[in-house]
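A.B. asks: Any chance you could fold what I've pasted below:
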Amino acid sequence: MTTTDWDSLADTFDQEADHGLLDPVVRDAWARRLESWLPAGPSDVLDLGCGTGSLALLAAGQGHRLTGVDRSPRMVERARAKLAGTDAEVLVGDAARPPVGDRGFDVILARHVVWTLPDPAAALRHWAGLLRPGGRLVLVEGVWNGTGIPAERLTALLAPLTERVHHERLSGDRDLWGKDVDDERYALVAPVRGTRRHTEVVDVHLILRRGSEVLLARRSGTGYADGLLHAPSGHVEDGEDVRVAMIREAAEETGLALDPAELRVALVMQHRGPGGDPRTGWFFEAAYDPARPPYNREPDKCSELAWYPLDALPDDMVAYCRAGLEGYRAGERFLIHWHEDGDPIAYEPEGERRAVVLPVSGARTERVHHGGAGAATW
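C.D. replies: The predicted model follows:
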């Protein structure tokens, strides 16, 4: 759902028993649960996707210091009114990357939020980084009417961040919902490890060559970089190596059944998108075979496939992908491409060049890249 969608729901949001907590029985049921999930003493709680602030108000009433975040300005307006008279702060922002700077929290509370996120694993990692030592995640989720996130999947996403997850089934407690429910509803309370190892998503990109041309796909309907061109690409899934992932993604997006022997490692890039976490991208080269022409197998995610000259790439591209292709054309093997929060996702012809070349051991180093030591012009 978009911000506009949530804004349109703000005026009637509290009519749902578990949203507004207007029924004393429902309110008391949530207050008891919340008291058991939060620390005994006053703590700093970050309520993500806080909606109209009903849970935040309960937590503030139990002596906790509340910061709420919601992407909907109308929801935030109602939450601020509801929390007037407390010292709670409510901010407009993305729950996945809340606008709280370097502040630390004892608890991150999110109810019916994780299922809406495009990359829940990345969001959970970011949230864990906002917690102080000994902090905990309190996640209330479920599956209803075919939407949501099952407890089994969310528990698996939490596994790298915690050694134990407390699971509470909420479906059977009629008082929480103001009615009988028989779908999956639950709470997970996960204390986050004090020291976490750094982890990164790994993605793969196909450089399909037809002579001096490369194949690009125009993204559509994905919620990320829609309308921009990008190489056929995707994430490495659990249990895959990068080559297997590239073969799978090529088949899913272009219909190509590539053999492992057809792939050549072209370039490896560590990159970070605006507001995202770092990830590592493997770019693989393969040659076009006229007997096996690629075609668009994912029209719901891609509006077109087209060939473009490698030495005259279009401007309307995802910036880091274009930098990877430019680095590949220049004969580089390893790059870093880093966006800061607020930077555009799209390539800007007159914008800052963010690619940094990492020299290969034993390689000649007299080539100079404009823009500073190690910086490339793309």
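A.B. asks: Grab the nearest non-local neighbour of the residue nearest the centre of the chain.
C.D. replies: Computing the C-alpha centroid of the chain and ranking residues by C-alpha atoms, centre = their mean puts Asp119 first, at 3.2 Å. Beyond its immediate neighbours in the sequence, the residue positioned closest to Asp119 (C-beta to C-beta, 6 or more residues apart in numbering) is Ala96, lying 7.2 Å away. Every C-beta, even on glycine, is put in place using the N, C-alpha and C of the backbone.
A.B. asks: Wasn't that neighbour part of a strand?
C.D. replies: No. Using DSSP: H, G, I helix; E, B strand; the rest coil, the assignment for Ala96 is coil, not a strand.
A.B. asks: My guess is Arg297 contacts Glu249. True?
C.D. replies: No. At 10.7 Å, Arg297 and Glu249 do not qualify as touching, with contact defined as C-beta atoms under 8 Å.
A.B. asks: more neighbours, those two?
C.D. replies: Between Arg297 and Glu249, Glu249 has the larger neighbour count (other C-beta atoms under 10 Å), namely 24 against 16.
A.B. asks: What about Phe283, how many residues nearby?
C.D. replies: Considering only other C-beta under 10 Å, Phe283 is surrounded by 25 other residues.
A.B. asks: Contact partners for it?
C.D. replies: In this structure, Phe283 makes contact with 204-207, 231, 265-269, 324-325, 328, judged by C-beta atoms under 8 Å, 6 or more residues apart in numbering.
A.B. asks: go again using 7 Å as the cut-off
C.D. replies: The neighbourhood of Phe283, defined by C-beta atoms under 7 Å, 6 or more residues apart in numbering, consists of 205, 207, 266-267, 269, 324, 328.
A.B. asks: tell me which of these is nearest to Leu66?
C.D. replies: When these are compared for distance to Leu66 (C-beta to C-beta), Met269 comes out closest, at 40.4 Å.
A.B. asks: so the closest one touches Leu325, yeah?
C.D. replies: No. In this structure, Met269 sits apart from Leu325 without contact. The criterion is C-beta atoms under 7 Å, and the distance is 10.4 Å.
A.B. asks: Looking at those two, which has the bigger crowd around it?
C.D. replies: Looking at Met269 and Leu325 with other C-beta under 10 Å, you find the greater number of neighbours at Met269, namely 26 against 23.
A.B. asks: surely Arg78 meets Asp11?
C.D. replies: No. With contact defined as C-beta under 7 Å, Arg78 does not count as touching Asp11 (8.1 Å).
A.B. asks: Between these two, which is the more surrounded one?
C.D. replies: Here Arg78 and Asp11 are compared on neighbour count by other C-beta under 10 Å; more neighbours surround Arg78, at 21 against 11.
A.B. asks: Could I get the full set of strands for the stretch 1-150 of the chain?
C.D. replies: In the stretch 1-150 of the chain, strands defined by DSSP state E, counting those that start in this stretch lie at 44-48, 65-70, 89-92, 105-111, 131-144, 147-148, listed in chain order.
A.B. asks: Which parts of the very next helix or strand once past the shortest one count as buried, going by neighbours?
C.D. replies: In this case it means strand 147-148. Moving toward the C-terminus from strand 147-148, the next helix or strand (DSSP states H and E) is helix 151-158. Residues of helix 151-158 classed as buried: 151, 154-155, 157-158 (neighbour count, 16 or more other C-beta atoms under 10 Å).
A.B. asks: and what of stretch 113-122?
C.D. replies: Residues of stretch 113-122 classed as buried under the neighbour-count rule (16+ other C-beta under 10 Å) are 113-117, 119-122.
A.B. asks: quick one on the thing from earlier: can you report how many residues lie near the residue nearest to Asp119?
C.D. replies: 23.
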